[in-house]
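1. can't give you the sequence, but here's the structure:
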Ligand SMILES: [Zn+2]
């Protein structure tokens, strides 16, 4: 029997086989298809219990000072976009994980709220005075919430079996002039073409859907939202390009081999010798060189590893 698209029902072609390269949560093989109609990339069949693959430190906060600084840079880029386009302070983030962005937004004067799946993250956010609803079904959870000036979904839609339902519900919960921000791995990425099943942003099987930009735009338009920003080459995309090159090269070498060959730290408090720091520095240098060579391709068109789309609800 042929496989059809979970969004538009058009027939789909086999794309690739993938395993959990990033986390090795399982030895299973997953099959990805690409819809011939809307371009959606999806896992089929959908695993029955997706929560089984969110293992170990999935929601862990950055462990080292340099990691914190590196992640902090991304949160600052996101906040700059929100401040540039938002016309009010009521902000909802769907899928904030441990909530680094929400804390930053609160400091900047926003009134943040959230919907999150992970129970520990939910408890921590509520304890900090950021109202957070626990739910595995954000479209349903949204129905009980109010109106917002900003709804943000950074790297969330790829985890949802029916992201289009969440986008539709989010559109209904935007105040007039409110903005919806959707950032996600880009199926048109140069790094995806190069690394295929080893692309760290495929993140099988947790990324059950990869939505092309034009599909997100189509869903947003159908729900009355107007596009105001479309990019896969901004500072945010460049942050993700580095992460994607690094993660995919490690997947290509093999997690275990990479960790010993490159002396990558296995934990924050593990002491590192001079030789291991030198190897890590050489790996970063090789990475930067590869990225420099790829830059003319990667930073033009829409070939960055992740995209950011912003939509506005008409007043
Ligand atoms: Zn489709």
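-> Happy to help now that I have it. Because the structure is predicted, anything quoted here is derived from the model rather than measured.
2. the ion contacts on the chain?
-> 5, 7, 8, 10, 35, 37, 38, 40 (CB under 5 Å from the ion). Every residue, glycine included, has its C-beta placed from N, CA and C.
3. which of the residues you listed lies closest to residue 140?
-> Distance to residue 140 across the residues of the chain next to the ion (CB to CB) is lowest for residue 7, with 18.5 Å.
4. SS state for that closest one?
-> coil (DSSP: H, G, I helix; E, B strand; the rest coil).
5. check contacts around the residue of the stretch 51-200 of the chain found nearest the ion.
-> Closest residue of the stretch 51-200 of the chain to the ion, CB to the ion: residue 164 (10.2 Å). The neighbours of residue 164, taking CB atoms under 8 Å, 6 or more residues apart in numbering as the test, are 7, 219.
6. a strand runs through it, doesn't it?
-> No: per three-state DSSP, residue 164 lies outside any strand segment and is helix.
7. that older thread, now the residues of the chain next to the ion as TSV including pLDDT and neighbour count?
-> Formatted as TSV, the residues of the chain next to the ion follow (pLDDT from 0 to 100; neighbours: other CB atoms under 10 Å):
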residue	pLDDT	neighbour count
5	98	20
7	98	20
8	98	16
10	98	13
35	98	23
37	97	14
38	98	19
40	98	22
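8. distance check, the closest residue in space to residue 234 that isn't next to it in sequence against the ion.
-> Excluding the flanking residues, the one nearest residue 234 by CB to CB, 6 or more residues apart in numbering is residue 308, at 6.3 Å. Counting by CB to the ion, to the nearest Å, the separation of residue 308 from the ion is 22 Å.
9. ranking helices and strands of the chain by mean pLDDT, which lands last?
-> helix 255-261 (a mean of 75; mean pLDDT, DSSP states H and E).
10. packing partners of that helix?
-> Packing partners of helix 255-261 (3 or more CB pairs under 8 Å, 6 or more residues apart in numbering; DSSP states H and E): helix 235-253.
11. quick check: buried residues in the helix it packs on?
-> 236-241, 243-251 (16 or more other CB atoms under 10 Å).
12. how far away is residue 310 from the ion?
-> Counting by CB to the ion - residue 310 and the ion are separated by 24 Å.
13. got phi/psi on that residue?
-> phi -130, psi 140 (degrees, to the nearest 10).
14. where in the chain is pLDDT low?
-> Scanning the chain for pLDDT under 70 picks out 1, 261-272.
15. scan it for its longest strand.
-> strand 174-185 (DSSP state E).
16. for that strand, which strands pair with it and how are they oriented?
-> Using DSSP bridges, the strands paired with strand 174-185 are strand 148-154 (parallel), strand 306-312 (antiparallel).
17. can I get those in TSV including mean neighbour count?
-> Shown next, in TSV, are the strands paired with strand 174-185 (neighbours: other CB atoms under 10 Å):
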stretch	mean neighbour count
strand 148-154	26
strand 306-312	24
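18. including distance to residue 133, could those strands go into TSV?
-> Converted to TSV, the strands paired with strand 174-185 look like this (distance: least, CB to CB, whole Å):
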stretch	distance to residue 133
strand 148-154	13
strand 306-312	23
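19. circling back to that earlier point, can you list the buried residues in the least confident helix or strand of the chain?
-> Within helix 255-261, judged by 16+ other CB under 10 Å, the buried ones are residue 258.
20. off-centre distance for it?
-> 25 Å (CA atoms, centre = their mean, to the nearest Å).
21. again with stretch 137-148
-> 20 Å.
22. give me the contacts around that stretch.
-> Contacts for stretch 137-148 (CB under 8 Å, 6+ apart): 90-92, 94-95, 113, 115, 133, 135, 156, 160, 162, 165-166, 168-170, 172-175, 178.
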